[in-house]
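In: Fold the following, please.
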Amino acid sequence: MTSKTIAFIFARGGSKGIPGKNIALLGGLPLIAHSIRQARACQAIAQVVVSTDDEAIAEVARQQGAQVPFLRPAELASDKASEWLAWQHAVSHCLRDPSIGPFSVFISLPATAPLRQVQDIDACLKRYGQGDVDMVLTGTPAQRSPFFNMVQQRPDGQVELVMPGQYHRRQDAPPLYDLTTVAYVSSPEFIMAHQGIWQGRVALVSVPRERAIDIDEPLDLYLAECLYQRENHA
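Out: From the prediction side, this is the model:
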């Protein structure tokens, strides 16, 4: 089968932290528009598919040049629904749709990470293309370490290091990363045959913090707007 990459954007309508989050404005554009435009600017991506339960989100997606070949069922669009099941639903539908499938590479570009750049997408696809992993995630260098400054509270109320005594110098400790939502790359076969990311071989691509902010609450949106304006009006 000829290699074909489809970008998926999963954007449900029922956000609680920021009502209407996925079409909230960032830099004058609906949030989801940033991910769609980034995907369309990536030469390796053949088509962009949006999975949503919300017609308002669907309309914005169509206006931005994405396909919305289905509306996501309500049971896959609650805040308790499994993202993996939403992935399986979208992949299954698109494999059966002759205007989309078959395809060999799946990449999810969440609308909540609008500050990624096309080079980040390319880096994830390139890493996956090496062929030795089932999934590629993204992360940023961790600001805290369980070896030095992450603590847990004991039953007696005192705190202790999460992982004490293993390393005494930062130079000796292994590099750690905070996972981000910049991109997820896999194959439709792996997604359909498994129940989660960690059932396969996983690699990570490091992305700078300023391009990896994940918008979950109003403060995140405010910070993203500040970073966006700095980048685009410097």
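In: can you give me the strands for this structure?
Out: Secondary structure of the chain (DSSP state E): strands at 5-10, 25-26, 29-30, 45-51, 105-108, 135-141, 151-153, 159-161, 177-186, 202-206.
In: pLDDT score for the residue in the chain sticking out farthest from the centre?
Out: Within the chain, Asp156 marks the point farthest from the mean C-alpha position, 38.5 Å out by CA atoms, centre = their mean. In this model, Asp156 is scored at 95, pLDDT.
In: Let's check: the centremost residue of the protein is which one?
Out: Thr181 (3.2 Å).
In: Report the contact partners of that residue.
Out: Pro110, Thr112, Ala113, Thr138, Ala212, Asp214 (CB atoms under 8 Å, 6 or more residues apart in numbering). All C-beta spots, glycine's among them, are computed from the backbone N, C-alpha and C.
In: would you list those residues in TSV and tack on distance to Pro164, neighbour count and pLDDT?
Out: Shown next, in TSV, are the contacts of Thr181 (distance: CB to CB, whole Å; neighbours: other CB atoms under 10 Å; pLDDT from 0 to 100):
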residue	distance to Pro164	neighbour count	pLDDT
Pro110	35	23	97
Thr112	34	23	96
Ala113	34	24	98
Thr138	29	26	98
Ala212	29	21	97
Asp214	29	17	96
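In: Rounded mean pLDDT for stretch 159-170, please.
Out: 87.
In: from the chain's centre, how far out does that stretch sit?
Out: Put simply, stretch 159-170 sits 31 Å off its chain's centre (CA atoms, centre = their mean, to the nearest Å).
In: Return the member of the contacts of Thr181 nearest to Ser15.
Out: Thr112 (9.3 Å; CB to CB).
In: excluding its backbone neighbours, what's nearest the closest one?
Out: Computed as CB to CB, 6 or more residues apart in numbering, the closest residue to Thr112 that is not its neighbour in sequence is Ile215, at 4.5 Å.
In: what's the neighbour count on that neighbour?
Out: By the criterion of other CB atoms under 10 Å, Ile215 has 27 neighbours.
In: Quick one, grab the pLDDT at it.
Out: For Ile215, the model assigns a pLDDT of 96.
In: Point out where the protein drops to low pLDDT.
Out: Where the chain drops to pLDDT under 70, the residues are 1-2, 234.
In: so where do the helices sit in it?
Out: 31-41, 55-63, 83-96, 118-128, 188-193, 218-232 (DSSP state H).
In: what's the most buried one of those?
Out: For the helices of the chain, the largest average neighbour count (mean count of other CB atoms under 10 Å) is found in helix 31-41, namely a mean of 22.
In: Quick one: work out the angle between that helix and strand 177-186.
Out: 60 degrees (axes from the mean of the first three to the mean of the last three CA atoms, to 10 degrees).
In: neighbours around the residue lying closest to Glu75 once chain neighbours are set aside, how many?
Out: Spatially, and ignoring its direct neighbours in sequence, Glu75 is nearest to Ala81 (6.6 Å; CB to CB, 6+ apart). By other CB under 10 Å, the residues close to Ala81 number 17.
In: Please report phi then psi for Ala81.
Out: phi -70, psi 150 (degrees, to the nearest 10).
In: Of the helices of the chain, which is nearest Ser206?
Out: That would be helix 118-128 among the helices of the chain, by CB to CB, at 8.8 Å.
In: Just the CA trace of that closest one, in CSV.
Out: The C-alpha trace of helix 118-128 is given here as CSV (Å, rounded to 0.1, in the frame of the first residue of the first chain):
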residue,chain,number,x,y,z
VAL,A,118,5.0,22.5,11.1
GLN,A,119,8.6,21.6,11.8
ASP,A,120,7.3,19.8,15.0
ILE,A,121,4.8,17.8,12.9
ASP,A,122,7.6,16.9,10.4
ALA,A,123,9.9,15.8,13.2
CYS,A,124,7.2,13.5,14.6
LEU,A,125,6.5,11.9,11.2
LYS,A,126,10.2,11.5,10.5
ARG,A,127,10.8,9.7,13.8
TYR,A,128,7.8,7.4,13.2
